[in-house]
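Engineer: Fold the following and give me the result.
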Amino acid sequence: MNKVMLIGNLTRDPELTTTNSGVSVCRFSLAVPRRFANADNGPQADFFNIVVWRGQAENCHKFLKKGSKCCIIGKIQNSSYEKDGVTRYTTDIVADEVEFLGGRTEGGDVPPKPTDTNGSADLEPIDDDSLPF
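Structural biologist: Predicted coordinates for the structure are as follows:
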């Protein structure tokens, strides 16, 4: 099983590009704090490269910025490429889900809320005294 969940803050603004076939891809780096301080009592963090695809990539580019807090659920992906005759290796987190954890952005935009698929928005509250149990 290859599954990872990370909560952290963006270290830079997201970069949105498109593939040759027109598919949107967004890349950014996420700083995830460690639980314990280093020997100098300073905070420590791990930094992960995040890749998001399609419509979710466009939302990340629109609503996230440097410093934004988010939760990433996805998978670890290793790849390699050759540059100047040297093989280089990369490790990325490919996001399946991105949850925006911060509030409003400076521009006043609000990240989209999940749509209600079961009609619970139309339900009225029930008085506890009227329940049969």
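
Engineer: rest of the way, CA atoms for contacts and neighbours
Structural biologist: Will do.

Engineer: What residues sit buried inside whatever helix or strand Lys62 lives in?
Structural biologist: Using DSSP states H and E, Lys62 falls within helix 54-63. Neighbour-count burial for helix 54-63 flags Gln56, Ala57, Glu58, Asn59, Cys60, His61, Phe63 (criterion: 16 or more other C-alpha atoms under 10 Å).

Engineer: same deal with stretch 42-54?
Structural biologist: Phe48, Asn49, Ile50, Val51, Val52, Trp53.

Engineer: OK, contacts around the second one?
Structural biologist: Contacts for Asn49 (C-alpha atoms under 8 Å, 6 or more residues apart in numbering) come out as Arg27, Phe28, Ser29, Leu30, Thr91, Asp92, Ile93.

Engineer: That one bridge partners, please.
Structural biologist: Beta-bridge pairing for Asn49 (DSSP bridges): Ser29.

Engineer: tell me the pLDDT at it?
Structural biologist: Here the pLDDT value assigned to Asn49 is 97.

Engineer: Distance of it relative to Asp127?
Structural biologist: Separation of Asn49 from Asp127 (C-alpha to C-alpha, to the nearest Å) stands at 49 Å.

Engineer: Give me the pLDDT value at the closest residue to Phe28 other than its chain neighbours.
Structural biologist: Distances taken as C-alpha to C-alpha, 6 or more residues apart in numbering put Pro14 closest to Phe28, at 4.8 Å, once the chain neighbours are dropped. In this model, Pro14 is scored at 98, pLDDT.
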